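[1] Build the 3D model from these lines:
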Amino acid sequence: MKIGILGGTFDPPHVGHLVLADQALHQLGLDAVWFMPVGQPPHKPNNHVTPAQHRVAMTELAIADNPRFQLTRVDVDRPPPHYTASALELLHRRYPEHEWVFILGADALADLPRWYHPEQIVALAELAAAERPDARLDLAALERALPGLTRRLHWIRTPLMDVASSTLQQIARNGGSLRYLVTPEVQAYIRTHRLYCEQPCD
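    Predicted coordinates:
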């Protein structure tokens, strides 16, 4: 099967993640999309990331209504450091029968040469990047940095949704509403566990 991998902190998972995954699923003819919560992002201090058990629980709630969405714990259940290249290598070993497509935004694609072992990511998975009108991409420079990248790159056309998990955290801390930004189930989980605010979040 051809499986899309959407990695992220998912702190919290929001409608932008779901739209991106769904568009990748249909536009690229994928069999499924696996959501891969990051254990501990190398670029974020420990105290700035919600504990993994909450992020995993929210992600499971967010994708529960789509049978072609699945959660993989391959990253959260292994010791740090948590790098995408290492996670993809582990997926290859565990599921050699699958082909992999790594889903990311155009902004992340532009930064890919600065990731940990980016050449390994390109070797292990095709890439599916969401088009962003404000993203400045020099594909020739990316190809020079990571030979073979452009042959393995697909573009996903998605509605422009400027939603970031960090923004949602701030909204919650300020007592604002997350309605329509996250699924009702995720909203209820955030409220119950008071993840981003001391008082119940709307």
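[2] wait, doesn't residue 28 sit right on residue 101?
    Yes. Counting by CB atoms under 8 Å, residue 28 does reach residue 101; the two are 6.4 Å apart. Glycine gets a C-beta too; all of them are placed from N, C-alpha and C.
[3] Over to residue 7: give its phi and psi.
    Residue 7 adopts backbone torsions of phi -90, psi 160, taken as degrees, to the nearest 10.
[4] Over to the one 5 residues further on?
    The phi and psi torsions at residue 12 (degrees, to the nearest 10) take the values phi -100, psi 170.
[5] For residue 161, list the residues it contacts.
    Residues near residue 161 by CB atoms under 8 Å, 6 or more residues apart in numbering: 15-16, 19.
[6] Please apply the same query to residue 7.
    Taking CB under 8 Å, 6+ apart, we find residue 7 in contact with 35-38, 75, 84, 87, 102.
[7] Quick check: which element contains residue 5?
    According to DSSP states H and E, residue 5 maps onto strand 2-8.
[8] The following helix or strand past that strand - contacts with which helices or strands?
    Next along the chain after strand 2-8, taking DSSP H and E as the criterion, comes helix 15-27. In terms of contacts (3 or more CB pairs under 8 Å, 6 or more residues apart in numbering; DSSP states H and E), helix 15-27 is packed against strand 2-8, strand 32-37, helix 52-63, strand 99-105, strand 126-130, strand 153-156.
[9] Fine, thanks again, bye for now.
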